[in-house]
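> Below are the sequence and a predicted model; questions follow.
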Amino acid sequence: MTDQMIIRIDADLKARLNRLARAEGKATSQMVRELIRDYVKERDIGAYIDGLWERIGTKLTERGVRPADIGKAIGRTRKGRG
């Protein structure tokens with residue numbers, strides 16, 4: 001489900017945005033949605049960290065590391081035997 005958002009924007013800026021959107025073959029509303037999505041994505045630290053953990057997990061799995069191996073390594077490190 002999508003919600004509608006109403007914003008106020010300078011007429012010249014709106015015209016420039018419309019031109020750029022058309023040049024890229026997009027509707028202005030699509031362009032605005034993409035810009036907002038990218039803005040939030042770049043600044044949402046929680047999502048960034050989740051993505052980082054996912055990439056780390058994928059790399060470890062590719063190298064044959066199992067969750068139990070990670071747990072053991074953490075335990076050894078915490079005991080000072082890393």
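Arrived safely, thanks for sending.

> Where do the helices of this protein begin and end?
Residue ranges of the helices in the chain, as given by DSSP state H, are 11-23, 28-43, 45-62, 67-78.

> Can you mark which positions in the shortest one are buried?
Within helix 67-78, no residue is scored as buried using 16 or more other Cβ atoms under 10 Å. In this view, the C-beta of every residue, glycine as well, is placed from N, C-alpha and C.

> Output that helix in CSV with nothing but the alpha carbons.
These are the backbone C-alpha positions of helix 67-78, laid out as CSV (Å, rounded to 0.1, in the frame of the first residue of the first chain):
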residue,chain,number,x,y,z
PRO,A,67,27.4,-20.7,12.8
ALA,A,68,28.9,-23.1,15.4
ASP,A,69,32.4,-22.2,14.3
ILE,A,70,31.6,-18.5,14.8
GLY,A,71,30.2,-19.2,18.3
LYS,A,72,33.3,-21.1,19.3
ALA,A,73,35.6,-18.4,18.0
ILE,A,74,33.7,-15.7,19.9
GLY,A,75,33.9,-17.8,23.1
ARG,A,76,37.7,-18.3,22.7
THR,A,77,38.2,-14.6,22.0
ARG,A,78,36.1,-13.6,25.1
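
> and it with helix 45-62, angle?
With axes from the mean of the first three to the mean of the last three Cα atoms, to 10 degrees as the criterion, the two stretches helix 67-78 and helix 45-62 enclose an angle of 110 degrees.

> and the chain, what are its domains?
Following automatic domain parsing, one gets these domains for the chain: 10-42, 44-82.

> right, and these - which one's nearest Thr2?
Using Cβ to Cβ as the measure, domain 10-42 is the one of the domains of the chain that comes nearest Thr2, at 8.8 Å.

> Now mean pLDDT and distance to Met1 too, for the helices of the chain, in CSV please.
Converted to CSV, those look like this (pLDDT from 0 to 100; distance: least, Cβ to Cβ, whole Å):
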stretch, mean pLDDT, distance to Met1
helix 11-23, 97, 24
helix 28-43, 93, 14
helix 45-62, 88, 20
helix 67-78, 86, 36
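
> Using JSON lines, lay out the ones you listed together with distance to Asp3.
JSON lines is the format used below for the helices of the chain (distance: least, Cβ to Cβ, whole Å):
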{"stretch": "helix 11-23", "distance to Asp3": "20"}
{"stretch": "helix 28-43", "distance to Asp3": "11"}
{"stretch": "helix 45-62", "distance to Asp3": "20"}
{"stretch": "helix 67-78", "distance to Asp3": "39"}
